[in-house]
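Enquirer: just to be clear, the model below is a prediction. Sequence and coordinates:
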2 protein chains.
Amino acid sequence: MPQSQLIDGHPLLTGAVADSPLLAAYRGDVPSRRPVWFMRQAGRSLPEYRETRAGTDMLDACLTPELAAEITLQPVRRYGVDAAIFFSDIVVPLKLAGLEVSIQPGIGPVFARPIRTMADVEALPELDEDFIRALTPVAQAVALTTAQLGGTPLIGFAGAPFTLAAYMVEGKASRDHLGARRLMAEAPDVWAGLAAWVAEVSGWFLRTQVLAGASAVQLFDSWAGSLSTADYEKFCQAASARVFELVSDLPVPRVHFAANGAHLLAPMAATGATVMGVDYRLPLDEAVLEVGHLPLQGNINPAYLTAPWETLREHVDDVLMRGAHASGHVVNLGHGVPPDTDPDVLQRIVDHVHDAPVA
Amino acid sequence: MPQSQLIDGHPLLTGAVADSPLLAAYRGDVPSRRPVWFMRQAGRSLPEYRETRAGTDMLDACLTPELAAEITLQPVRRYGVDAAIFFSDIVVPLKLAGLEVSIQPGIGPVFARPIRTMADVEALPELDEDFIRALTPVAQAVALTTAQLGGTPLIGFAGAPFTLAAYMVEGKASRDHLGARRLMAEAPDVWAGLAAWVAEVSGWFLRTQVLAGASAVQLFDSWAGSLSTADYEKFCQAASARVFELVSDLPVPRVHFAANGAHLLAPMAATGATVMGVDYRLPLDEAVLEVGHLPLQGNINPAYLTAPWETLREHVDDVLMRGAHASGHVVNLGHGVPPDTDPDVLQRIVDHVHDAPVA
């Protein structure tokens, strides 16, 4: 198994990264400026991305280290944001573990064999040395990226067990994830087996990224908002905690985010998160009442990105003002960048945030 | 304009309906048994519905009084639930107001001309006597229904302005209603004009149902969960309040429900609702902390309808126990009945709830 400590030369052991605005804010220290980055900052909204990706399948792009590194770096070069987020897809480690999955344009991930029975769970690939070795292109992409990032930290990226398992149960994206939510109630042992397997996969995916050079991790539970609080606590919380446990011996901040998860902030924080991302729906000063012991990340409403600048600026200032109530604040959107976003608008936000007082 | 008071013979003026378990619970009085009904209890999950609807377009069914009445009555006959909910679609009054809209199988409502500019808003049909007259088939369907319902109350049904306007802006259903949410920020005057027009349409739709015999109303804001609390308060709350205002001189309980609206309970209650429906995500005893001055309705998790009966029964008992904290409790699902639901399972829930202690 890989070593449990960071090797010499890891960015987090350099002063520039360790003292960066992002890591200071993630630790709850006072940063030199209010840090800002954007979920999905790399990708479809950037012309340079569309050019780089042209003709290349999504999963092929993720698994070609030079391409993944280039795409990860593009928004940092363009915007001067305070973090890079590793360009990948949440199903990448599932594919590397041996599942037959593709990403179909306009549809999303499609699995050849949905998982619904205990026999399906028992037939999932073993997560042995071969799996760790299969993660090598991920480690290579991270190393190539951090070699060019200088003092800007790279955030590692993974999908949380509920979200990944929801795809696996349905075989593809679904509106309300009813298949997965039913499986919990119908066959809790099948669900538990699946969630435990997925947790190992996502945990090792994150661990690989940290060991290769990522200085923080963010776990995305995109679909968790469809769960009742009770079902999250009973059927999902332990698996997400296991993902974080797999990097808990490494000195990296652990960010946790669910779209539409206002009702889950406290139980999600209890998985071992050290920073909570907040969806655009809930004002940050209200999130402070739920998880105020942790620094917060968020939560500009993406719907405002097309509004006149005065309207958007007022909204960003409101987010900054509310975020100042948190024990640390990293500015972000409260959801991913919409594909049709004008990059100049994001640039204007970055510049405005960097000009703003720290707290 | 129609009369503002209930006419002689209105069901609500009869003891059987006024003293029914549903209306007692909606008023916060102690009902003779815990009332229960199900959102979408009429419709696709019932074989008798599929037979009745076969070969008939959805909007044609809604606008044929005998058909709408029959479909509304089916689940009452089958289950012995404590309420009928008027079978219709939220776009029915928009069509009657003169918009070109159809419901396409597998897609949902599709509008011929999306509304995006002030010119579009100004070109919306006038809501005059012709509109009130066009609502006649709705009144007829309600009258036919209540004539056969006996002591079981009929709940009137309408869509809230945000949800309807979201369809109208996009022209059809969308994943995150970004078009409507952007319009609020980009052109608040266009949005306000649209929301105000829709509020009149939905308000008169509800008022027509009450005058014709409905004894309560429920306003569905299906998509409001995609809004931030701030945007709901600034751009949607007043329009929803206007809908309720259009029935506020009539002595009917006003129920308000949004899927995924845990963060909106308090501002939604402030529109003039007298009962709050609660989505399955939030336990009822937590909802009591937000809007405990109002009776609550909900919130069985539809994902449990396929679980073994012991699991489902325990879940229903948990809902009953938490609901007893409210100042009144009407049992319901925390979302609509999934189309593939086994009617026998709903029957078992009805019987179990009716056997349970009142509070």
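Expert: Looks like it came in fine.
Enquirer: number of residues surrounding the closest residue to A:Val319 other than its chain neighbours?
Expert: Closest residue to A:Val319 apart from its sequence neighbours, by C-beta to C-beta, 6 or more residues apart in numbering or on different chains: A:Ile300 at 5.4 Å. C-beta coordinates here come from the backbone N, C-alpha and C atoms, glycine included. Other residues near A:Ile300 come to 24 when the count uses other C-beta atoms under 10 Å in any protein chain shown.
Enquirer: give me the beta-bridge partners of the residue of the stretch 1-150 of chain A found nearest chain B?
Expert: Nearest to chain B, among the residues of the stretch 1-150 of chain A, is A:Gly108, at 11.5 Å (C-beta to the nearest C-beta). For A:Gly108, the beta-bridge partners under DSSP bridges are A:Gln104.
Enquirer: I'd say it and A:Gly171 touch.
Expert: No - under the criterion of C-beta atoms under 8 Å, A:Gly108 makes no contact with A:Gly171, lying 11.0 Å away.
Enquirer: those two: which is more packed in?
Expert: Set side by side, A:Gly108 and A:Gly171 show more neighbours around A:Gly171, with 17 against 14, by other C-beta under 10 Å.
Enquirer: contacts only, for the more buried one.
Expert: A:Val110, A:Phe111, A:Arg113, A:Pro114 (C-beta atoms under 8 Å, 6 or more residues apart in numbering or on different chains).
Enquirer: tell me the secondary structure for the first one?
Expert: Put simply, A:Val110 is strand when judged by DSSP: H, G, I helix; E, B strand; the rest coil.
Enquirer: contacts only, for it.
Expert: Taking C-beta under 8 Å, 6+ apart as the test, what A:Val110 contacts is A:Val101, A:Ser102, A:Ile103, A:Gln104, A:Gly171, A:Lys172.
Enquirer: how about the nearest residue to the last one, chain neighbours excluded?
Expert: What that stands for is A:Lys172. Nearest to A:Lys172 is A:Val110, by C-beta to C-beta, 6+ apart, at 4.9 Å.
Enquirer: now the one you found: how far from A:Ser102?
Expert: In this view, A:Val110 and A:Ser102 are 6 Å apart by C-beta to C-beta, to the nearest Å.
Enquirer: same deal with A:Asp279?
Expert: Taken as C-beta to C-beta, the span from A:Asp279 to A:Ser102 is 29 Å.
Enquirer: ok, the two, which is more surrounded?
Expert: Neighbour count, other C-beta under 10 Å: between A:Asp279 and A:Ser102, A:Asp279 has more, with 23 against 15.
Enquirer: in a strand, the more buried one, correct?
Expert: No - A:Asp279: not assigned to a strand; according to three-state DSSP it is coil.
Enquirer: now for the spatially closest residue to it that is not a sequence neighbour, how many residues are close by?
Expert: Nearest non-adjacent residue to A:Asp279, counting by C-beta to C-beta, 6+ apart: A:Gly334, 4.9 Å away. Neighbourhood size, A:Gly334 [other C-beta under 10 Å]: 24.
Enquirer: quickly find the element holding A:Leu206.
Expert: Under the criterion of DSSP states H and E, A:Leu206 resides in helix A:188-212.
Enquirer: tell me the spacing between A:Asp318 and A:Asn299.
Expert: Distance from A:Asp318 to A:Asn299, by C-beta to C-beta: 10 Å.
Enquirer: gap between A:Ile155 and chain B?
Expert: Note on A:Ile155: its distance to chain B, by C-beta to the nearest C-beta, to the nearest Å, is 24 Å.
Enquirer: ok, that residue touching A:Val252?
Expert: No - with contact defined as C-beta under 8 Å, A:Ile155 does not reach A:Val252; the gap is 9.1 Å.
Enquirer: of the two, which one has the most company?
Expert: Between A:Ile155 and A:Val252, counting by other C-beta under 10 Å, A:Val252 is the more crowded of the two (24 against 21).
Enquirer: I'd say the more buried one and A:Gly213 touch.
Expert: No - applying C-beta under 8 Å, one finds A:Val252 not in contact with A:Gly213, separated by 10.8 Å.
Enquirer: ok so, going back, overlap of the contact sets of A:Ile155 and A:Val252?
Expert: A:Ala214, A:Ser215, A:Ala216, A:Val217.
Enquirer: just give me the neighbour total for the first one.
Expert: The burial count assigned to A:Ala214 is 29, neighbours taken as other C-beta under 10 Å.
Enquirer: state the phi and psi torsions of it.
Expert: Main-chain torsions, A:Ala214, degrees, to the nearest 10: phi -70, psi 140.
Enquirer: then the last one?
Expert: With angles defined as degrees, to the nearest 10, A:Val217 shows backbone torsions of phi -130, psi 150.
Enquirer: from A:Val337, how far out is it?
Expert: A:Val217 is 20 Å from A:Val337, where distance means C-beta to C-beta.
Enquirer: those two: which is more packed in?
Expert: More neighbours surround A:Val217 than the other of A:Val217 and A:Val337, with 30 against 22 (other C-beta under 10 Å).
Enquirer: show me the beta-bridge partners of that one.
Expert: A:Gly156, A:Arg254.
Enquirer: what's near enough to touch it?
Expert: A:Ile155, A:Gly156, A:Phe157, A:Ala158, A:Leu206, A:Gln209, A:Val210, A:Val247, A:Val252, A:Pro253, A:Arg254, A:Val255.
Enquirer: what about 7 Å?
Expert: Shown in contact with A:Val217 (C-beta atoms under 7 Å, 6 or more residues apart in numbering or on different chains): A:Ile155, A:Gly156, A:Leu206, A:Val210, A:Val247, A:Val252, A:Arg254, A:Val255.
Enquirer: pLDDT added to those, as CSV?
Expert: What follows is these, written out as CSV (pLDDT from 0 to 100):
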residue, pLDDT
A:Ile155, 98
A:Gly156, 98
A:Leu206, 98
A:Val210, 98
A:Val247, 98
A:Val252, 97
A:Arg254, 98
A:Val255, 98
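Enquirer: for chain A, which segments count as strands?
Expert: In chain A, the strands defined using DSSP state E lie at A:84-85, A:101-104, A:108-111, A:154-159, A:216-220, A:254-257, A:275-277, A:296-300, A:329-333.
Enquirer: and the first one, how far from the chain's centre?
Expert: I take that to be strand A:84-85. Offset of strand A:84-85 from its chain centre (C-alpha atoms, centre = their mean, to the nearest Å): 9 Å.
Enquirer: quick one: residues in contact with it.
Expert: A:Trp37, A:Gln41, A:Ala42, A:Thr72, A:Leu73, A:Val76, A:Thr145, A:Leu149, A:Thr152, A:Leu154, A:Ile155, A:Phe157.
Enquirer: A:Leu178 touches B:Pro339, doesn't it?
Expert: No - applying C-beta atoms under 7 Å as the test, A:Leu178 and B:Pro339 come out as separate, 10.5 Å apart.
Enquirer: these two: who's more crowded?
Expert: The neighbour comparison of A:Leu178 against B:Pro339 (other C-beta under 10 Å) goes to A:Leu178, with 20 against 11.
Enquirer: and the more buried one, how far from chain B?
Expert: 6 Å.
Enquirer: who's in contact with that residue?
Expert: By C-beta under 7 Å, 6+ apart, the neighbours of A:Leu178 are B:Ala303, B:Pro338.
Enquirer: give me every residue in chain A lying close to chain B.
Expert: A:178, A:181-182, A:185-186, A:228-230, A:260, A:262-263, A:280-283, A:301, A:303-304, A:306-307, A:311, A:338 (C-beta under 7 Å from any C-beta of the partner chain).
Enquirer: switch the cut-off to 8 Å
Expert: A:176, A:178, A:181-182, A:184-186, A:225, A:227-231, A:260, A:262-263, A:280-283, A:286, A:301-304, A:306-308, A:311-312, A:315, A:318, A:334-335, A:338 (C-beta under 8 Å from any C-beta of the partner chain).
Enquirer: what subset of the residues you listed is buried?
Expert: In the residues of chain A next to chain B, burial by neighbour count holds for A:176, A:178, A:181-182, A:184-186, A:225, A:227-231, A:260, A:262-263, A:280-283, A:286, A:301-304, A:306-307, A:312, A:315, A:318, A:334-335, A:338, counting by 16 or more other C-beta atoms under 10 Å in any protein chain shown.
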